[in-house]
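Chemist: Provided below are the primary sequence and the corresponding predicted coordinates.
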Amino acid sequence: MTTFRRFKDAGTLFYNSEGSDGLSSSASKSRFLPRQSALGLSDCELAAYITSIRSLLQHHILHGLKRFRVSIVIGMITTIMLVLTVPVVVALWITQTRLRRAKLPYPPGPPAEPLLGHLRALPRTYDRGVYRRLADTYGGIVYLHVLGKPTVIINSEKIAIDLLEKRGVIYSDRPSFPLYDMIGWGDTLTFLPYGHNFLKTRKLIQDQLTRKKCIIFEDIQLAQRRILLQNLLTSPEQFSFHAKRFVVAVVLEITYGRKITSDDDQFLKDAEAFDKIVAQEPGSLSLRKASVLLTLSIVESTTTTESQRTVQEAKEYGISVVQDDLASGNARPSFCSLGLEELSREQQNSEEEIGRIKVSAFQLYAAGAETTWSAILTFFFAMVLHPDIQRKSQRELDEVLGHGTFPNYEDRDSLPYLTCVIYEVLRLDAPIVLRHHGMNGIFTGGIQSSHWVNLQILRLYLGMFTRLSSASGVPHRVMEDDVYEGMFIPKGSTIISNIRHMLTNEDVYHDPFTFCPERFLPKPDGYGEPLPDAVFGFGRRICPGRWLALSGLWVSVASVLAMFDIKPIQDDQGVDVLPKLEFHDSLTR
Ligand code: HEM
């Protein structure tokens, strides 16, 4: 190896070709002190050579320094960021770990068994009162787990607001619903997990259904109420069908701009076919049947594909009609046409965005028709059972409007009692209490129905959820560990709002199971009790169609009461036959 060395004292360069540093002994020093370098260069050449080497080195050093400085800056920024973020992350981690380590108690609940959890602690047969008993025994928040799957039941509206609204950022996810995925509903807003797709879809729907925008739809509702009244006059015994037709026609016109003029309309047929699916699966599958079917994987292999096809066809048909109408210049303003036009104006009409409109349009029908229909039917029932309340409402209508006049939206504020009747219908028999959503809770936690072992586990779950489901809204899912008033709520828990209990809580509503519209009137005319807001759910998942639902309900109920007396049928002896209230728990009751 050869090296150049420079000595301060001599200012001379030695060239040492022997592999040593050339200074190991005085002899070697004297022997190699050169006037002419070993390279055979003259002094002059050597100086030029040294200068060029020096400038080369200087260049590299300067350049290196520059790079060094840049790296220092980057390093500093990174360090600052680390200094700032690491403690936060560590603190969060420590907090989480501490929460677990500190063994904060879960919310109260019945005693659990090892492994099985609460499976056997729950009643064996379907029992509508089970949530109530849990609420009475354990209070506003109850914790259950089955085979390690945590479930939190919220019985108090205040706690629902504290968690689902105020901490909505972590409480707005949904558990997975494999049965709904199977029938082709997985991509609709109701079942979307919290995230980018959910936020975009929610905004798309919500923006079209604000309280203000719903005023635009009033004309559609008024036109359809005329048909409703005509139909009721012609065949009152078919009141259920007419009510259904009313809500379907309104939703379809709002969604697709489609005026339903005949019962043969393809949209109506699709709606009917689609309702059958929802009614038959998974809502009406008895749990025993569902368990057996699933175990044999029949649901997945036969019925489901059929349903998926129908749902898919309904989705495609709706949007394709609107696209054709737009192309021929005949489109009427609707959720779909306005959305598509906006996409093309903003040059955003990617397949993804068009697909979002397609699925959301379908969702409006899926979520909007049955719920409102259920409430109208419950109204008919309540009026038959409570003729005094019916007459009081009609008196109010007559006093305000004069006998024989149809109410319009601008009369709303002048008819407070009528509005209270509607709220009482919603409070006492909320359209979504979703017995089968409880059942679907079974399918949460990533259980795949195609796995035999999981299916066996599933069968175990069925036993519990059959009975645990008479009161929930659509379940939420918490995305992080959380602590509420000293109680630990584990990440991934299914959160069930016990809406029925909230709306029939004796601490909030006097005589809660009695139909009493006066409860909402301010004192001293009424009891000043709170409106049943919980019926529409909570937080970032609250029903976006609530304003539309309320205005559709109002105009139909007010118009029917203005024009008709609602009475029970009579038997051969002329004795009233009172109907029995029986709910079929499909997606909606
Ligand atoms: C009386 C009628 C109605 C009732 C009682 C009702 C009730 C509910 C409830 C309880 C939820 C779940 C809220 C939660 O997860 O916390 C919901 C969600 C939903 N509702 Fe309604 N609803 C009604 C009518 C409508 C109408 C007319 C539409 C639209 C046309 C609609 C569209 C939706 C949608 C899209 C969701 C899913 C929201 C999400 O997951 O972010 N609903 N509804």
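Modeler: Yep, that arrived.
Chemist: what's the helix or strand for Tyr143?
Modeler: Assigned by DSSP states H and E, Tyr143 belongs to strand 141-146.
Chemist: so what's the closest residue to Leu232 other than its chain neighbours up against?
Modeler: Nearest in space to Leu232, with sequence neighbours left out and distances taken as Cβ to Cβ, 6 or more residues apart in numbering, is His242 at 5.5 Å. For glycine as for every other residue, the C-beta is placed from the backbone atoms N, C-alpha and C. Going by Cβ atoms under 8 Å, 6 or more residues apart in numbering, His242 touches 228, 231-232, 235.
Chemist: what does Leu578 give?
Modeler: By Cβ under 8 Å, 6+ apart, the residues touching Leu578 are 384-385, 568.
Chemist: again, only using 6 Å
Modeler: By Cβ atoms under 6 Å, 6 or more residues apart in numbering, Leu578 lies in contact with Pro568.
Chemist: Now do the same for it: its pLDDT.
Modeler: For Leu578, the pLDDT comes out at 87.
Chemist: Check the one 10 residues further on too.
Modeler: We have a pLDDT of 62 for Thr588.
Chemist: Look at the residue nearest to Leu232 and give its secondary structure.
Modeler: Secondary structure, DSSP: H, G, I helix; E, B strand; the rest coil: His242 is helix.
Chemist: ok, now the one 5 residues further on?
Modeler: Counting by three-state DSSP, the backbone at Val247 sits in helix.
Chemist: Number of residues surrounding the closest residue to the ligand within the stretch 251-400 of the chain?
Modeler: For the stretch 251-400 of the chain, the residue closest to the ligand is Gly368, as judged by Cβ to the nearest ligand atom, at 2.7 Å. Applying other Cβ atoms under 10 Å, we find 24 residues neighbouring Gly368.
Chemist: Please list all residues in contact with it.
Modeler: Neighbouring residues of Gly368 by Cβ under 6 Å, 6+ apart: 251, 545.
Chemist: please redo it, this time with the cut-off set to 8 Å
Modeler: Counting by Cβ under 8 Å, 6+ apart, Gly368 touches 247, 251, 545, 548-549.
Chemist: most neighbours, which of those residues?
Modeler: When neighbours are taken as other Cβ under 10 Å, the top entry among the contacts of Gly368 is Val251 (29 neighbours).
Chemist: you'd agree that one is up against Ala367?
Modeler: No: applying Cβ atoms under 8 Å as the test, Val251 and Ala367 come out as separate, 9.1 Å apart.
Chemist: Just the buried residues from the contacts of His242, in PyMOL please.
Modeler: A single PyMOL command selects the buried members of the contacts of His242 (16 or more other Cβ atoms under 10 Å):
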select buried, resi 228+231+232
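Chemist: Tabulate the contacts of His242 in a markdown table, adding columns for distance to the ligand, pLDDT and secondary structure.
Modeler: What follows is the contacts of His242, written out as a markdown table (distance: Cβ to the nearest ligand atom, whole Å; pLDDT from 0 to 100; DSSP: H, G, I helix; E, B strand; the rest coil):
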| residue | distance to the ligand | pLDDT | secondary structure |
| --- | --- | --- | --- |
| Leu228 | 16 | 95 | helix |
| Asn231 | 21 | 94 | helix |
| Leu232 | 20 | 96 | helix |
| Ser235 | 25 | 94 | coil |
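Chemist: Of the contacts of His242, which is the nearest to Ala135?
Modeler: Distances from Ala135 to the contacts of His242, taken as Cβ to Cβ, are shortest for Leu228 (38.3 Å).
Chemist: Identify the residues contacting the closest residue to the closest one other than its chain neighbours.
Modeler: If the residues on either side of it in the chain are set aside, Leu228 comes closest to Phe246, at 4.3 Å by Cβ to Cβ, 6+ apart. By Cβ under 8 Å, 6+ apart, Phe246 lies in contact with 224-225, 227-228, 376, 552, 556.
Chemist: Show me those that map onto helices.
Modeler: 224-225, 227-228, 376, 552, 556 (DSSP state H).
Chemist: Show the buried residues in those residues.
Modeler: 224-225, 228, 376, 552, 556.
Chemist: okay if I get those as JSON lines plus distance to Asn330?
Modeler: Output for those, formatted as JSON lines (distance: Cβ to Cβ, whole Å):
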{"residue": "Gln224", "distance to Asn330": "21"}
{"residue": "Arg225", "distance to Asn330": "26"}
{"residue": "Leu228", "distance to Asn330": "27"}
{"residue": "Ile376", "distance to Asn330": "32"}
{"residue": "Gly552", "distance to Asn330": "26"}
{"residue": "Ser556", "distance to Asn330": "29"}
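Chemist: Quick check: what element follows the strand holding Tyr143 along the chain?
Modeler: Next along from strand 141-146, by DSSP H and E: strand 149-154.
Chemist: does the following helix or strand past that following strand come close to the ligand?
Modeler: The first helix or strand that comes after strand 149-154 along the chain, using DSSP H and E, is helix 157-160. No: under the criterion of Cβ under 6 Å from any ligand atom, the ligand is not reached by helix 157-160; the shortest gap measures 8.5 Å.
Chemist: Can you name the residues in contact with helix 157-160?
Modeler: Looking at what lies outside helix 157-160 - Cβ under 8 Å, 6+ apart - the contacts are 140-141, 154, 484, 497, 502, 505, 508, 533-534, 538.
Chemist: Which positions in it come out as buried?
Modeler: Within helix 157-160, the residues that count as buried by 16+ other Cβ under 10 Å are 157, 159-160.
Chemist: do stretch 254-268 as well
Modeler: 254-258, 260, 265, 267-268.
Chemist: Not counting that stretch itself, show me its contacts.
Modeler: 217, 220, 245, 248-249, 252-253, 317-318, 321-322, 325, 331-337, 361, 364-365, 548.
Chemist: quick revisit: of all the contacts of Phe246, which comes closest to Gln348?
Modeler: Taking Cβ to Cβ as the measure, Gln348 lies nearest Gly552 of the contacts of Phe246, at 31.0 Å.
Chemist: and the buried ones among the ones in helices among the contacts of Phe246, which two are the farthest apart?
Modeler: Greatest spacing in these, by Cβ to Cβ: Gln224 and Ile376 (12.3 Å).
Chemist: Distance-wise, check the residue nearest to Leu232 relative to the ligand.
Modeler: 18 Å (Cβ to the nearest ligand atom, to the nearest Å).
Chemist: again with Arg226
Modeler: Distance of Arg226 to the ligand, computed by Cβ to the nearest ligand atom: 20 Å.
Chemist: Might you enumerate the residues of the stretch 401-550 of the chain proximal to the ligand?
Modeler: Within reach of the ligand by Cβ under 6 Å from any ligand atom, the stretch 401-550 of the chain has these residues: 431-432, 473-474, 535-538, 541-545, 548-549.
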